[in-house]
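Student: please work out how this folds:
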Amino acid sequence: MANFEIEQFFLGCLAHASYLLSSDGLAAVIDPQRDVELYLDAAAKKNLKIVAVIETHLHADFVSGHHELAQRTGARIYLGDGSGARFEHAAVKTGDSIEIGRCRLDFLQTPGHTLESVCIAVTDLDEPGAPKAVFTGDTLFVGDVGRPDLSGDHTPQELAALLYRSLHETLLKLPDETVIYPAHGAGSLCGRQMSTERSSTIGRERRMNYALQANSVEEFVHLLTDSLPPRPEYFGRDVELNRSGASSLADLPRLKPVQAPEVRRMQAEGAVVLDTRPVREFGAAHVPGSVHIALSGQYASWAGRLLGLDHEIVLVGEDADHLRESQLRLARVGIEKVHAYLEDGVHGWVAGGQELESIPQVTADEFEELRGSEPITVLDVRELGEVAAAAMEESVRIPLGQLPSRMAEVPRDRLLVVHCKGGYRSSIATSLLRRAGVKDIANLTGGFDAWAAREKVGAAKA
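Tutor: Okay, here's the model as predicted:
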């Protein structure tokens, strides 16, 4: 039995994995999320003292809790050399190591995703021949590798070349049985083909990971940088927040109720009404001009990508717990101008003398009836890889993340039916389109999956 234990914490709305490594009563937290109570609670239950907080890199897709966690535990923060972090920390490079109880953590510089990226190999001091595990951050995922476009000083091609060397000259030199623990899983914006599995081994990734099959650095660079999806604008802001050290979530303001006339005034001054209710509830009735991102799914990521960090946000939610959870998740990606919510939701809007809007929700059967009875346009907002696998003929294809900048490409001369895979992203898209003035619009409930299932049943009957 190993002399250390690794506990993984997976945050679904950001597809982010963080870890508590412990041995002999001491512990290290690797890549913490912003709300740090879960690590403090886990350590308390196991009677552990957190002595180290380790970042594999300055994260771009979420705000880290390293600063608060260090303040509350007295732990030392470790970051890759050259991070530029503006708080007290230990800058580590290849050859540096620390001991946590009966295990040793060896730092490995692995630039490519970012310049200061490090991985951490874990060796049992009673079996010092080879590491048992390695925390790979955003350098190596299960099924993928990190995106190489997060530096303002290096091109994606230059970073991809660095990443190739980090993988082949450092990580893949580890024994095949070494267990890898990445910082993200499927759904993260930091890669394109990540698996839903939460861990793997060096040997398995060597055999199965598509990015590791490239036979040369040139092939690898093309593989990673050709058709690279745009980097979300908020990524750079989150890096700066992490470089400075974010404030405690306890400092977030208490949400205040705002009535309909005040919400209208705030909208006129640039505030965004963010409706976080389920898809059908939003479709049935919502505040005109509101953006819909349901609290389920990749809520925080989509909010960061589509709204940025600077808008004042007015929430519409189901209840107080729902609203507070919305505020917390937004803070995880650095959206902190969330001070108010619409009192009594859409009922309060009507009570305030205001009118509601709705967006029709059509089933796969209703969609086919529409296609057979009138000219319509189909807008597919899935990612390019999803579209390449299967798509409706003659659909207009604009990934949701690109929709705000490509509104001019959306036809407006007939009914526009929007779909994604299952209906979550398409509802977001319909709210953005309606907000941009597209009136004749509908959301395909169940998305492409529901339509494809219907087509399959129809083919079988034929």
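
Student: where do the helices sit along the stretch 1-150 of the chain?
Tutor: Chain-ordered helices for the stretch 1-150 of the chain, with DSSP state H, counting those that start in this stretch as the definition, fall at 37-45, 66-73.

Student: distance of Leu255 relative to Leu306?
Tutor: Counting by C-beta to C-beta, to the nearest Å, the gap from Leu255 to Leu306 is 21 Å. All C-beta atoms are positioned from the backbone trio N, CA, C, and that covers glycine.

Student: likewise Leu444?
Tutor: Distance of Leu444 to Leu306, given as C-beta to C-beta: 20 Å.

Student: what's the burial count for the closest residue to Asn209 other than its chain neighbours?
Tutor: Once flanking residues are discounted, Asn209 sits nearest to Gly143: 5.8 Å by C-beta to C-beta, 6 or more residues apart in numbering. Gly143: 22 surrounding residues under other C-beta atoms under 10 Å.

Student: isn't Gly143 right up against Arg207?
Tutor: No: between Gly143 and Arg207 there is no contact under C-beta atoms under 8 Å: 11.5 Å.

Student: Gly297: how many residues sit nearby?
Tutor: Gly297 has 17 neighbouring residues, counting by other C-beta under 10 Å.

Student: for it, what are its contacts?
Tutor: Listed by C-beta atoms under 8 Å, 6 or more residues apart in numbering, the contact set of Gly297 reads Cys13, Tyr424.

Student: check the gap between it and Cys13 for me.
Tutor: Using C-beta to C-beta, one gets 7 Å for the distance from Gly297 to Cys13.

Student: Leu58 now?
Tutor: To Cys13, Leu58 is 21 Å away according to C-beta to C-beta.

Student: likewise for Lys456?
Tutor: Distance, Lys456 to Cys13, using C-beta to C-beta: 31 Å.

Student: same drill for those two, tell me which one is more crowded.
Tutor: Using other C-beta under 10 Å, the more surrounded residue of Lys456 and Cys13 is Cys13, with 21 against 10.

Student: quick revisit: who's more crowded, Leu444 and Leu306?
Tutor: Remark: of Leu444 and Leu306, Leu444 carries more neighbours, 28 against 22, as counted by other C-beta under 10 Å.

Student: find the nearest non-adjacent residue to the more buried one, please.
Tutor: The nearest residue in space to Leu444 (C-beta to C-beta, 6+ apart) is His419, at 3.9 Å.

Student: what's the neighbour count on that neighbour?
Tutor: His419: 30 neighbours (other C-beta under 10 Å).

Student: I'd guessed it sits against Trp451; true?
Tutor: Yes: His419 is within contact range of Trp451, at 7.0 Å (criterion: C-beta under 8 Å).

Student: residues bridging contact with the two, i.e. touching both?
Tutor: Taking C-beta under 8 Å, 6+ apart as the contact rule, the neighbours common to His419 and Trp451 are Met392, Leu444.

Student: how near is Leu105 to Lys93?
Tutor: 14 Å.

Student: higher neighbour count, these two?
Tutor: Leu105 (25 against 13).

Student: quick check: bridge partners of the more buried one?
Tutor: Here Leu105 sits in beta bridges with Ile98, Val122, going by DSSP bridges.

Student: what residues are up against it?
Tutor: Shown in contact with Leu105 (C-beta under 8 Å, 6+ apart): Leu21, Ala28, Ala52, Ile54, Ser97, Ile98, Glu99, Ile120, Ala121, Val122.

Student: the last one and Ala133 touch, don't they?
Tutor: Yes: applying C-beta under 8 Å, one finds Val122 in contact with Ala133, separated by 4.4 Å.

Student: quick check: neighbours shared by those two?
Tutor: Shared contacts of Val122 and Ala133, counting by C-beta under 8 Å, 6+ apart, come down to Ile6.
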